[in-house]
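Novice: Fold the following, please.
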Amino acid sequence: MDQLIQHLVNTAILGGTYALLGIGLTLIFGIMNVVNFTHGALYTVGAYLMYLAVAALGLNFFLALPVAILGGLLFGAAIEILLLRPFRGQDIDTTMLVMIGAGIALQSGTLWIFGGVAKAIPSPFPEAPLQIGPVSVSWLRLFVLGAALALIGLAYALINRTKLGLAMRAAFQDADTAALMGVNVRRIYTATFAMGSALAAAAGALLGPVYVVYPQMGGLAELKAFAIVILGGLGNVTGAAIGGFILALAEELGAGYVSSGYRDAMGFLIIIAVLLYKPTGLFAKAERIG
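Specialist: Down below sits the predicted model:
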């Protein structure tokens, strides 16, 4: 029983960052109909920006996190303006190729700038974990959970409680009609891609101090983000958040009760089952954004 409780605590911590990845990816697909193959690279960029701010520039750890998120937001806005906007109206195959190329360029850029050696991000939290009965959890992981939940809540509030979110949902329903109603669809697309990129960078910045940072770290994260989106339903923000926690639970239980070598495989087995029995995702519905 104690082991199960520990796995559930680990699930909550990992699931928060997975949810950030999934929300960012599904937001971009749901509103822009773009398959973002730079998502994993932006996750890596967020981790490296966190490393650069803390280890290289000596910035306070807690101030470095919003700096890394802002950097991801600016990277996303630049990608949308420079690479996606010129191809607006093209078929999805063209934009997919553009995104794949951009993702490779970002990964190669981080390798060229920072090298291939893994880097650690120093943390201000004590090494001794917090012990609550049979459950042991590090202070850093507790911070990661709190920050991830705060960002999820912020993203949900932005989508459902602001004029920008209303415009995003209008563009999702019908971009042409939204434009006729006065919505600047081009700006909405830029804001959407920037927001999704910022969430990916946030996930990287949060998990970077927990593990280590290296140029290829975004590859598996991107696969998991796609798995979460498939699990929750394409374009469904709530489904992506829940899907992130479901994937984390499958990985934790698989690693704890089957084998740690099957941690990643367990999640993808669930995805295969979902695709077989409910290809639209567990939480797919007619109005998927908001």
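
Novice: can you give me the helices in the chain?
Specialist: Taking DSSP state H as the test, the helices found in the chain are 2-32, 39-51, 61-79, 92-114, 139-161, 163-173, 175-180, 185-207, 217-232, 237-257, 263-277.

Novice: Just tell me which of those ends up closest to residue 125.
Specialist: helix 139-161 (3.9 Å; C-beta to C-beta). C-beta here means a position set from N, CA and C on the backbone, and glycine is covered the same way.

Novice: So which residues make contact with the closest one?
Specialist: Contact partners of helix 139-161, identified using C-beta atoms under 8 Å, 6 or more residues apart in numbering, comprise 12-13, 16-17, 19-20, 23, 27, 65, 123, 125-126, 129-130, 164-165, 168-169, 195, 199, 202-203, 206-207, 209-210, 237, 241, 289-290.

Novice: Give me the buried positions along it.
Specialist: 140-145, 147-148, 151-152, 155-156, 159 (16 or more other C-beta atoms under 10 Å).

Novice: pLDDT of it, averaged?
Specialist: When pLDDT is averaged over helix 139-161, the result is 93.

Novice: Helix 163-173 and that helix, what's the angle between them?
Specialist: Orientation of helix 139-161 against helix 163-173 (axes from the mean of the first three to the mean of the last three C-alpha atoms, to 10 degrees) gives an angle of 70 degrees.

Novice: Run a quick neighbour tally on residue 211.
Specialist: Using other C-beta atoms under 10 Å, residue 211 has 12 other residues around it.

Novice: Relative to residue 21, how far out is it?
Specialist: According to C-beta to C-beta, to the nearest Å, residue 211 and residue 21 sit 15 Å apart.

Novice: before we move on, what about residue 199?
Specialist: Taking C-beta to C-beta, one finds residue 199 at 7 Å from residue 21.

Novice: Would you mind measuring from residue 263 to residue 38?
Specialist: 25 Å.

Novice: Hmm, I typed the wrong one, I wanted residue 75.
Specialist: Distance from residue 75 to residue 38, by C-beta to C-beta: 9 Å.

Novice: on that earlier part again, look at residue 263 and residue 38 and report which has more neighbours.
Specialist: Between residue 263 and residue 38, counting by other C-beta under 10 Å, residue 38 is the more crowded of the two (31 against 16).

Novice: Let me see the contact set for the more buried one.
Specialist: Residue 38 sits in contact with 79, 99, 102, 103, 106, 197, where contact means C-beta under 8 Å, 6+ apart.

Novice: Skipping its backbone neighbours, what lies nearest it in space?
Specialist: residue 103 (4.3 Å; C-beta to C-beta, 6 or more residues apart in numbering).

Novice: Please verify my assumption that that neighbour contacts residue 44.
Specialist: No. Checked against C-beta atoms under 8 Å, the pair residue 103 and residue 44 is beyond contact range at 9.7 Å.

Novice: More neighbours: the two, which one.
Specialist: Legend: neighbour count by other C-beta under 10 Å for residue 103 and residue 44, higher for residue 44 (30 against 22).

Novice: Now do residue 271 against residue 250, distance only.
Specialist: Taking C-beta to C-beta, one finds residue 271 at 9 Å from residue 250.

Novice: meant to ask about residue 133
Specialist: In terms of C-beta to C-beta, residue 133 sits 25 Å off from residue 250.

Novice: Over to residue 274?
Specialist: Counting by C-beta to C-beta, the gap from residue 274 to residue 250 is 11 Å.

Novice: Now do the nearest residue to residue 26 once chain neighbours are set aside against residue 22, distance only.
Specialist: Distances taken as C-beta to C-beta, 6+ apart place residue 240 nearest to residue 26, at 4.3 Å, with adjacent residues excluded. Using C-beta to C-beta, residue 240 is found at 4 Å from residue 22.

Novice: my guess is residue 9 contacts residue 135, does it?
Specialist: Yes. Taking contacts as C-beta under 8 Å, residue 9 lies within contact range of residue 135: 5.5 Å.

Novice: quick one, which of those two is more surrounded?
Specialist: Neighbour tally, residue 9 and residue 135, criterion other C-beta under 10 Å: the higher count belongs to residue 9, 18 against 14.
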